[in-house]
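In: Using only what follows, build the 3D model:
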Amino acid sequence: MRLALQSSVTLCAADLFNNWGFADGGILDDVLYDIEDQCPSLVSDAALGNGDGRSFSFAHAVLIRLVEECLLPSLPRKIQTYRIPSTHSPIRAEEHESPEGLLDTAVTIPADKVIEIALQIALGQAALSAPHSSFSP
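Out: This next block holds a predicted model:
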């Protein structure tokens, strides 16, 4: 198993206001490489889809959880977000929300924390489903 190339990930509030935010939804790719490479049965596309039309890729489920647990609480004011199954950013600010006063807010999350959350999601899904049915952030 190789070490993640990144030692941390920085999530910026400005990305909540952009369909292509969070590196077009791929901001965690390097950090999650090991998990995806070593545990393909937990993170494969075949494991997605729970029948309600709201499936997320493994990396997007992790990103949503990190945004909700780390970035949103750091904002100077609360904003409403929504989750969207997409090939782009899976979590965005509601359209009525204003980016004013938020664009300079960012949090840096150590790669270890990203991997911890990813393993929680993967192991939680493994425990809930046989075979795996979906990823839930």
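
In: Tell me how far the nearest residue to residue 86 once chain neighbours are set aside lies from residue 100.
Out: Among residues not flanking residue 86 along the chain, residue 25 sits closest, at 7.0 Å (CB to CB, 6 or more residues apart in numbering). The C-beta positions use only the backbone N, C-alpha and C, and glycine is treated the same way. As judged by CB to CB, to the nearest Å, residue 25 and residue 100 stand 24 Å apart.

In: ok so, going back, tell me if I'm right that the residue nearest to residue 86 and residue 60 touch.
Out: Yes. A contact is recorded between residue 25 and residue 60 when judged using CB atoms under 8 Å, the distance being 6.0 Å.

In: ok, those two, which is more surrounded?
Out: It is residue 60, of residue 25 and residue 60, that has more neighbours when counted by other CB atoms under 10 Å, with 26 against 23.

In: ok so, going back, now the phi/psi pair for the residue nearest to residue 86, please.
Out: Summarising the backbone geometry of residue 25 under the convention degrees, to the nearest 10, its torsions are phi 80, psi 0.

In: what's residue 97 in contact with, if anything?
Out: Residue 97 is in contact with 16, 17, 79, 80, counting by CB atoms under 8 Å, 6 or more residues apart in numbering.
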